[in-house]
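S.K.: predicted coordinates and the sequence they were generated for:
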Amino acid sequence: MQYMFLIYGDTSAENALTPEQQQAEMAEYFAFNKFTQERGVFVSADALHPVQTATTVRVRSGKTLSTDGPFAETKEVLGGYYILNCKDLNEAIEMAARIPGARSGSVEIRPVVDFSQAQ
């Protein structure tokens, strides 16, 4: 089963990493990528640009409204994701605990719906 791992982190200035810490964290992400590929569970992953680059779209009464920024003001923002093939939720939790962002933020695990199996 595929699971999506949504990585949330605090982007406030008081929690900013030094350049050295950022480099060390990226090395951990590269190691996690390699681990998931070698284990055969990797499907895809990407990081997102900062939340300041977001645009939120709503359609109300047939009119499209777009605003700069995220939908809600919050300290933790979505920074990236993984999609992994895991045999069950227990394996998904094991994988989430290995994602570096889980130490300072949170990782939400969501099963991916396979519509090809719904027919």
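M.R.: Good, I have the coordinates. Residues are numbered from 1 along each chain as shown.
S.K.: what distance do you get for the nearest residue to Val112 once chain neighbours are set aside to Ile109?
M.R.: Among residues not flanking Val112 along the chain, Gln2 sits closest, at 4.0 Å (CB to CB, 6 or more residues apart in numbering). In short, each C-beta sits where N, CA and C put it, glycine included. Distance, Gln2 to Ile109, using CB to CB, to the nearest Å: 11 Å.
S.K.: those helices in this structure, which residues are they?
M.R.: 19-39, 89-98 (DSSP state H).
S.K.: just the ones you listed: most buried one?
M.R.: Highest mean neighbour count of the helices of the chain: helix 89-98, a mean of 15 (counted as mean count of other CB atoms under 10 Å).
S.K.: give me the residues contacting that helix.
M.R.: By CB atoms under 8 Å, 6 or more residues apart in numbering, the list of residues contacting helix 89-98 from outside reads 3, 5, 32, 35-36, 41, 82, 84, 86, 102, 107, 109, 111.
S.K.: separation between the residue sitting furthest away from the middle of the chain and Ile83?
M.R.: Each residue of the chain has a distance to the centre, and by CA atoms, centre = their mean the biggest one is for Ser61: 31.9 Å. Going from Ser61 to Ile83 by CB to CB gives 35 Å.
S.K.: that older thread, can you select the buried ones from the contacts of helix 89-98 in ChimeraX?
M.R.: Command for ChimeraX that selects the buried part of those, burial taken from 16 or more other CB atoms under 10 Å:
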select :3,5,32,36,41,82,84,86,102,107,109
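S.K.: out of the contacts of helix 89-98, what pair is the most spread apart?
M.R.: Maximum pairwise distance among the contacts of helix 89-98 (CB to CB): 21.3 Å, between Phe35 and Pro111.
S.K.: columns mean pLDDT and distance to Gly69 on top of the helices of the chain, output as JSON lines?
M.R.: Formatted as JSON lines, the helices of the chain follow (pLDDT from 0 to 100; distance: least, CB to CB, whole Å):
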{"stretch": "helix 19-39", "mean pLDDT": "96", "distance to Gly69": "23"}
{"stretch": "helix 89-98", "mean pLDDT": "98", "distance to Gly69": "27"}
